[in-house]
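# model this:
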Amino acid sequence: MSFENINLIEPIRKALKTEGYSIPTPIQKQSIPIILEGKDLLGSAQTGTGKTAAFAIPILQILYENRNAETLRHSVPQTDRKIKALIVTPTRELAIQIGESFAAYGRYSGLHHTVVFGGVSQLRQTNALKKGVDILIATPGRLLDLMNQGYIKLRDLEIFVLDEADRMLDMGFIHDVKKIIAALPQKRQSLFFSATMPPAIITLARTILYNPVKVVIAPVISTAELISQSLYFVDKPNKNALLLHILEDRSIVTALIFTRTKYGADKLTRFMTRNGIRAEAIHGNKSQGARQQALSNFKSRKIRALVASDIAARGLDIDDLSCVINYEIPNIPETYVHRIGRTGRAGATGIAISFCNAEEAAYLQGIQALLPEIIPVVEDHPFPMKEVAATPSPPGRKPSVTAYSGKYDPRLRRRLQTRRR
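Numbering: from 1, shown residues only. From the prediction side, this is the model:
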């Protein structure tokens, strides 16, 4: 099935052709017709599956057709623009990315959009709003701020999108999201996207959606199938040395390295720079300009390594990323899959390397329970773990991971296999 088989208007077909798009991804194939029918949608799809186009394309078409019809009926001037679609997303980077997608797919539509987010002066954003926009992409904090100041009015809204809902909750935006929802018109079309569907997300979806159609694409564990994963057991003091050892491999052209904290990202960046590896950090304490510059330098390969916190890296779209390195194991299993999903995108292969010390063994067990296969352990490296690291287990059971030897307890493998049957 090609985009030609979907009932799209000529301005969008022309834009997709300009972008080189011919075959829709699974989520696009399923979601676009549903949205064009005006139905609410609950979508489960992770970043990298073409989710943005799945909602941007039909939104552009609906607004284009509605605007033309309204102009003919009421002689409304094309310059009189009110916000008809609102996309709320958790991070600045993802908001900018979505804005770029609307610019690309809507280049021949005559529709206007703008992006608002915190961390920068609001002047340019408010100037764009004063001129009038059809589509608004926003992060929650800046959106509420501008609403309170009277720059944003949503009474004419027709379509609402909540994107990356699970990350929105992880970042503590739930109260902001509820305030935004309370300000929306009751009569609207709502689209809800989340990579994972824990109970809190399902509850939130019920407050937003009316009789939604559910679309589930690429379950969270599937991304790992395209990626060559490996695990290194290493004592915490030796992680830096192991990282330098790994990066001696010049086939790793670019490496996105994850830490759990902003402080850890800065500290690791300084260490790498001192040791001759061009690196920059990206996290929530960096200004928007600094974050965009670091990302630009990484994409253009002026730097070899980008050290990131999870919040800053969610939604990053980096072509031909060689390797993801989990310098620190995430404490949420799904986060591991989101991290390694930065590589191996669009059908390409990728490399994901994880360091695990004694304190992180419990996090590792949660990740292993989520994945269909156990991550291969690299035992032959210069910095093997010397500490005995046992994953906490329920009373009466022996530890599941014997990390001192870098080997899994076979009982863990049997339990996982039994669970999957």
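
# biggest helix in the chain, by residue count?
helix 51-74 (DSSP state H).

# Send me it as CSV with only the CA atoms.
Listed next in CSV are the C-alpha coordinates belonging to helix 51-74 (Å, rounded to 0.1, in the frame of the first residue of the first chain):
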residue,chain,number,x,y,z
LYS,A,51,4.0,8.4,14.6
THR,A,52,4.3,12.2,14.0
ALA,A,53,3.3,11.9,10.3
ALA,A,54,0.5,9.6,11.4
PHE,A,55,-1.3,12.5,13.1
ALA,A,56,0.3,15.5,11.3
ILE,A,57,-0.8,14.4,7.8
PRO,A,58,-4.6,14.0,8.6
ILE,A,59,-4.6,17.1,10.8
LEU,A,60,-3.3,19.2,7.9
GLN,A,61,-5.9,17.7,5.5
ILE,A,62,-8.8,18.2,7.9
LEU,A,63,-7.9,21.8,8.6
TYR,A,64,-7.2,22.6,5.0
GLU,A,65,-10.6,21.3,3.9
ASN,A,66,-12.4,22.9,6.8
ARG,A,67,-10.7,26.2,6.2
ASN,A,68,-11.6,26.2,2.5
ALA,A,69,-15.2,25.3,3.2
GLU,A,70,-15.5,28.0,5.9
THR,A,71,-14.0,30.6,3.5
LEU,A,72,-16.5,29.7,0.8
ARG,A,73,-19.5,29.8,3.2
HIS,A,74,-18.8,32.9,5.3
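
# could you give me the average pLDDT of that helix?
Throughout helix 51-74, pLDDT has a mean value of 86.

# elements contacting that helix?
Where contact means 3 or more CB pairs under 8 Å, 6 or more residues apart in numbering; DSSP states H and E, helix 51-74 is packed against helix 10-19, helix 26-36, strand 41-44, strand 85-88, helix 92-105, strand 135-138, strand 159-162, strand 189-194. Quick note: C-beta positions are derived from backbone N, CA and C, even for glycine.

# looking at these, which is buried most?
Each of these was given a mean neighbour count from mean count of other CB atoms under 10 Å, and the largest, a mean of 26, is that of strand 135-138.

# what's next to it, contact-wise?
With CB atoms under 8 Å, 6 or more residues apart in numbering as the contact definition, strand 135-138 has outside contacts at 59-60, 63, 83-89, 95, 98-99, 102, 106, 111-117, 129, 143, 152.

# out of the helices and strands packed on helix 51-74, nearest to residue 357?
Nearest of those to residue 357, taken as CB to CB: helix 92-105 at 29.1 Å.

# chain center to the closest one, what's the gap?
Here helix 92-105 is found 13 Å from its chain centre; the criterion is CA atoms, centre = their mean, to the nearest Å.

# now the helix or strand containing residue 293 and helix 92-105, what's the angle there?
Assigned by DSSP states H and E, residue 293 falls within helix 288-299. Per axes from the mean of the first three to the mean of the last three CA atoms, to 10 degrees, the angle that helix 288-299 makes with helix 92-105 is 70 degrees.

# so residue 159 makes contact with residue 66?
No: the criterion here is CB atoms under 8 Å, and residue 159 misses it with residue 66 at 9.9 Å.

# what do these two both touch?
Applying CB under 8 Å, 6+ apart, one finds that residue 159 and residue 66 are jointly contacted by residue 84.

# per-residue pLDDT, residue 395?
Note for residue 395: predicted pLDDT of 40.

# err, residue 82, not the other one
With respect to pLDDT, residue 82 scores 93.

# Helix, strand, or coil at the closest residue to it other than its chain neighbours?
Spatial nearest neighbour of residue 82, chain neighbours left out: residue 156 (4.2 Å); criterion: CB to CB, 6 or more residues apart in numbering. On the three-state scheme (DSSP: H, G, I helix; E, B strand; the rest coil), residue 156 is labelled coil.

# what separates residue 39 from residue 159, distance-wise?
From residue 39 over to residue 159 the distance is 11 Å, taken as CB to CB, to the nearest Å.

# Find residues that contact each of those two.
With CB under 8 Å, 6+ apart, residue 39 and residue 159 have common neighbours residue 189.

# which intervals of the chain have sub-threshold pLDDT?
Across the chain, the ranges flagged by pLDDT under 70 are 1, 46-48, 71-79, 218-225, 311-317, 344-348, 387-421.

# need the strands for the stretch 151-300 of the chain, in chain order.
Under the criterion DSSP state E, counting those that start in this stretch, the stretch 151-300 of the chain contains strands at 159-162, 189-194, 213-216, 227-233, 255-258, 279-282.

# Perfect, that will be all.
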